[in-house]
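Participant: Sharing a model prediction with you, sequence too.
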Amino acid sequence: MNSRVTRYALRVTITIMNNKHFPEEEIILPIEDSIDLHTFHPRDIPDVVEEYLNECVKLDFEEVRIIHGRGKGYQRAVVQTLLAKNPLVLSFHDAPPERGGWGATVVKLVTSPEITTS
């Protein structure tokens, strides 16, 4: 995956899952208070989540929601492991039922302007 940030958007180059006949495709994700990971290949999720959190902190978001889906819980575990190690994350928990339940994770972010990552 290759990505770069433009004003309030994250440009991400992805490979469509399970389809080797299509070239990589660049998409533009608006930086909002939630991101749905269903469209990303599982191998790209760590990079997407990290860059998304970086941009959200730069834009002074205090809370975001990461939608990973319910399934068997694998993506949830991957996402929450990443969050546990990320210095931009103050805390996280499963979303309440009306916001996706255990198919989404709510993340509280640092708000200090001194915190930056590359």
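Facilitator: Yes, it's here.

Participant: Helix or strand: which one has Val64?
Facilitator: Here Val64, judged by DSSP states H and E, is contained in strand 63-67.

Participant: residues contacting the residue nearest the centre of the chain?
Facilitator: Nearest to the mean C-alpha position of the chain, counting by CA atoms, centre = their mean, stands Val49 at 3.0 Å. Val49 makes contacts with 35, 37, 66, 79, 82-83, as judged by CB atoms under 8 Å, 6 or more residues apart in numbering. C-betas here are computed from N, CA, C, even on glycine.

Participant: Look at it and give its secondary structure.
Facilitator: Here Val49 is recorded as helix under DSSP: H, G, I helix; E, B strand; the rest coil.

Participant: What's the separation between it and Glu98?
Facilitator: 23 Å (CB to CB, to the nearest Å).

Participant: how about the strands in this protein?
Facilitator: Under the criterion DSSP state E, the chain carries strands at the ranges 2-6, 9-14, 25-30, 34-36, 63-67, 89-94, 104-109.

Participant: So which elements touch the fourth one?
Facilitator: Right, strand 34-36. Under the contact criterion of 3 or more CB pairs under 8 Å, 6 or more residues apart in numbering; DSSP states H and E, strand 34-36 touches helix 45-58, strand 63-67.

Participant: Could you rerun that using 10 Å?
Facilitator: helix 45-58, strand 63-67, strand 104-109 (3 or more CB pairs under 10 Å, 6 or more residues apart in numbering; DSSP states H and E).

Participant: that older thread, Ser91: which of the contacts of Val49 is nearest?
Facilitator: Nearest to Ser91 out of the contacts of Val49 is Leu83 (CB to CB; 8.8 Å).

Participant: ok, back up a step: what's the angle between the strand holding Val64 and strand 89-94?
Facilitator: Per axes from the mean of the first three to the mean of the last three CA atoms, to 10 degrees, the angle that strand 63-67 makes with strand 89-94 is 50 degrees.
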